[in-house]
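Visitor: Coordinates for the following, if possible.
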Amino acid sequence: MRAADLGPGARRWPGLEEDGAGHYISPFHDIPLRVGAEKENGIPTKKARSDDDENLLHMVVEVPRWTNAKMEIATEEPLNPIKQDMKRDKPRYVANVFPHKGYIWNYGALPQTWEDPHHKDKDTGCCGDNDPIDVCEIGSKVLSRGEVVPVKILGVLALIDQGETDWKLIAINANDPEADKFCDIDDVKKFKPGYLEATIHWLRFYKVPEGKPENKFAFNGEFKNKAFALEVITSAHECWKALVMKKCDGGALNCMNAQVCDSPFRCTQEEARSVVDSVSPAAPGKESSGEEHVWHFLGK
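Guide: Take a look at the predicted model:
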């Protein structure tokens, strides 16, 4: 299952999800969080190789590894397409901070999760960042934008971004040839030495070339294990349920969905198609200024 893969900045509506039946769906709301729950929503998925069913979750790929375009689920737009983030009407790219080229993992999000900006986390003391939970996928394959893959959750890091909790899950594609070797965060240390340290370095400094300060972390930058990560996910899933059932204030978030039973935001396929058809194709994106080819050396 995957979205249309349109180039970074090429159109206003890249990455709109369609299920196996050709129906329009929201990658934020309509893809089941848990693998195996797709029968409930009628959305097919590839069979994963792991038997750890409780720890098999869907990841929506936003940014393939080694690329720089800052693509993300557009949470405030109808049906939440994947599109390039913009700043001052220019497409955003993440900087290359030596020795890292672009994103150092396949980067994406867990569907049907929401980090509630009104909910203060008991462990970090900060509220959520108003987005789905981010995923750093560490498998061997470079995935494609818009792919939906089953992942095994291994641990989590608590980034504190401008006073907000921004959880970063560490996961591996369940269909990766080495997935069976990875069951918890310590296995990453054992089988991919240096990867967690590189993750800390990347997340700490990636905004510095923009003139922003270094990012901070809760727990002194300690990675929490799988059990802790699954508790974080469960909490964010419950927050999403409240959001999509209109039991809390979602502010500017768009909760339009096509398949969430009993949601007051649920639309028909005719309404979904009307939304898509109403969006005029944008002109081809301009070439970037070349910043994704520039390297930054920060001396740390």
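
Visitor: quick one: residue 262 and residue 245 touch, right?
Guide: Yes - counting by Cβ atoms under 8 Å, residue 262 does reach residue 245; the two are 7.1 Å apart. From N, CA and C alone the C-beta is placed, and that goes for glycine too.

Visitor: Those two: which is more packed in?
Guide: In terms of neighbours (other Cβ atoms under 10 Å), residue 245 is the more surrounded of residue 262 and residue 245; the figures are 14 against 7.

Visitor: Was I right to think that one contacts residue 261?
Guide: No - under the criterion of Cβ under 8 Å, residue 245 makes no contact with residue 261, lying 10.1 Å away.

Visitor: Around residue 182, count how many other residues there are.
Guide: 24.

Visitor: need the contact list for it.
Guide: By Cβ atoms under 8 Å, 6 or more residues apart in numbering, the residues touching residue 182 are 152, 154, 172, 188, 191.

Visitor: pLDDT score for it?
Guide: As predicted, residue 182 sits at a pLDDT of 98.

Visitor: about what we covered before: select from the contacts of residue 182 the one having the most neighbours.
Guide: residue 172 (29 neighbours).

Visitor: Contact partners for that one?
Guide: Here residue 172 is in contact with 137-139, 151-152, 154, 178-179, 182 (Cβ under 8 Å, 6+ apart).

Visitor: Please convert these to a markdown table, extending it with distance to residue 81 and secondary structure.
Guide: Compiled in a markdown table, the contacts of residue 172 are given as follows (distance: Cβ to Cβ, whole Å; DSSP: H, G, I helix; E, B strand; the rest coil):
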| residue | distance to residue 81 | secondary structure |
| --- | --- | --- |
| 137 | 21 | strand |
| 138 | 26 | coil |
| 139 | 25 | coil |
| 151 | 22 | strand |
| 152 | 27 | strand |
| 154 | 29 | strand |
| 178 | 32 | coil |
| 179 | 29 | helix |
| 182 | 31 | coil |
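
Visitor: want to try JSON lines for the residues you listed, with distance to residue 126 as columns?
Guide: As requested, the contacts of residue 172 are exported to JSON lines (distance: Cβ to Cβ, whole Å):
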{"residue": "137", "distance to residue 126": "25"}
{"residue": "138", "distance to residue 126": "26"}
{"residue": "139", "distance to residue 126": "30"}
{"residue": "151", "distance to residue 126": "25"}
{"residue": "152", "distance to residue 126": "27"}
{"residue": "154", "distance to residue 126": "23"}
{"residue": "178", "distance to residue 126": "34"}
{"residue": "179", "distance to residue 126": "32"}
{"residue": "182", "distance to residue 126": "29"}
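
Visitor: nearest to residue 32, of these?
Guide: Closest approach to residue 32 among these (Cβ to Cβ): residue 151, at 13.2 Å.

Visitor: check which helix or strand covers the nearest residue to that closest one once chain neighbours are set aside.
Guide: Spatial nearest neighbour of residue 151, chain neighbours left out: residue 171 (4.0 Å); criterion: Cβ to Cβ, 6 or more residues apart in numbering. With elements taken from DSSP states H and E, the one containing residue 171 is strand 164-173.

Visitor: ok, that strand: who's next to it in the sheet?
Guide: strand 127-128 (parallel), strand 134-137 (parallel), strand 148-161 (antiparallel) (DSSP bridges).

Visitor: tell me, how many neighbours does the nearest residue to residue 102 once chain neighbours are set aside end up with?
Guide: Residue nearest to residue 102 in three dimensions, not counting chain neighbours: residue 68, with 4.3 Å by Cβ to Cβ, 6+ apart. Neighbour count of residue 68, defined by other Cβ under 10 Å: 20.
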